[in-house]
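Trainee: take this sequence and fold it.
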Amino acid sequence: MYGIEFCLGFPGNLLVVLGYVFCLPAWQSINIYLFSLSVSDLIFLCTLPRLSYLYANGQLETSPVTCIANRYLLHVNLYCSILLMVWVSMDRFLLIRHPTRNHFLLRPRVAMVVTGLSWLAVNIQIIPMIVLMFHDLERANGSHCKDFASLKGDIDPMGYSMGLTLTGYILPLLGLCLFSYKIAQLLCAQEKALERRTSSYKRPLRVVRAAAVMFLVLYTPYHLMRNVRIVSRQAWAMVELCPKMYIEGLYILTRPVAFLHSVINPVFYFLMGDHFRELLLAKFRELIRKTGRLRESA
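Mentor: Residues are numbered from 1 along each chain as shown. Predicted coordinates for the structure are as follows:
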């Protein structure tokens, strides 16, 4: 699954990054959020080929630096994705409410600050996990790279995992649902006031709802099984070996499912970017015309 995610997600996210860099003349606030999201996905996807190779050959990661870097990028991408999508949904709500972009949160500079603070907040959330990894690697003399749910250290993994689930997943998911509700409420009010269907504004509502459903479907099994896996490893839980193995197997299956968002995210870039799809297609047509003229001259 990691190999499939790389093959599908890397070209899509690379196309979005190149499209933003070369095709977008003027950047709006939403472009900054989506560009940051695509860069995060692209960096994460670059770690999957090595991970796929190790899993396919039944090998373990032997480099402590690579182990920590991989787990760090994996979790930063996981929680940055949903947090940045919250700001995207907020941007769409404010744009419907303030079509002239006179709200200060719709300014590109403010979007850059919000994006930077989001990255900082996620990194702060991940620091205890990195500390746990250092402790675990020291205990194993750097010979065994474990996933988050298998770590042991001075920090309580159960309490930390529950806190990370709440702040990194549940609260942003509630934010997505809130903005979805606010957009729907605003569109209903506009329909009543104008006495016509505001079909041109229906797309942001559908996309924000789709984003909330995507994270709910992909992230919930992972966070649920991660916490169950950690509880099953506690002595006080008294879980027998056979159930513990089933729990570990289900947890392993939920991990690649959670990271399917990196494959799906490019769809949101095309649907939510202001005229991004049209600009990208125009650039492709221009390149095709240039290539045709060069062949004719040759």
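
Trainee: can you show me the helices along this structure?
Mentor: Assigned by DSSP state H, the helices in the chain fall at 2-23, 29-45, 48-56, 64-97, 108-139, 157-165, 171-194, 202-232, 241-258, 261-272, 276-297.

Trainee: Ala149 is nearest to which of those helices?
Mentor: Nearest to Ala149, of all the helices of the chain, is helix 202-232, at 4.2 Å by CB to CB. From N, CA and C alone the C-beta is placed, and that goes for glycine too.

Trainee: report all helices and strands that the closest one contacts.
Mentor: Applying 3 or more CB pairs under 8 Å, 6 or more residues apart in numbering; DSSP states H and E, one finds that helix 202-232 contacts helix 64-97, helix 157-165, helix 171-194, helix 241-258, helix 261-272.

Trainee: roughly how far does Thr115 sit from Trp87?
Mentor: To Trp87, Thr115 is 7 Å away according to CB to CB, to the nearest Å.

Trainee: nearest residue to the middle of the chain?
Mentor: Nearest to the geometric centre of the chain sits Ser81, at 2.5 Å (CA atoms, centre = their mean).

Trainee: give the contact list for the residue lying closest to that residue once chain neighbours are set aside.
Mentor: Nearest residue to Ser81 in three dimensions, chain neighbours excluded: His261, at 5.5 Å (CB to CB, 6 or more residues apart in numbering). Taking CB atoms under 8 Å, 6 or more residues apart in numbering, we find His261 in contact with 41, 81, 214-215, 218-219.

Trainee: hang on, the earlier thing: point out the most buried one among the helices of the chain.
Mentor: Burial of the helices of the chain is given as mean neighbour count (mean count of other CB atoms under 10 Å); helix 29-45 ranks first at a mean of 23.

Trainee: helices and strands around it, which ones?
Mentor: helix 2-23, helix 64-97, helix 108-139, helix 261-272.

Trainee: specify the angle between it and helix 64-97 in degrees.
Mentor: Here helix 29-45 runs at 160 degrees with respect to helix 64-97, directions being taken by axes from the mean of the first three to the mean of the last three CA atoms, to 10 degrees.

Trainee: distance to Met158 and mean pLDDT added to the helices and strands packed on helix 29-45, as TSV?
Mentor: As requested, the helices and strands packed on helix 29-45 are arranged in TSV below (distance: least, CB to CB, whole Å; pLDDT from 0 to 100):
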stretch	distance to Met158	mean pLDDT
helix 2-23	27	87
helix 64-97	17	90
helix 108-139	12	91
helix 261-272	25	77
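
Trainee: which among these is found nearest to Leu186?
Mentor: Counting by CB to CB, Leu186 lies closest to helix 64-97 out of the helices and strands packed on helix 29-45; the figure is 5.6 Å.
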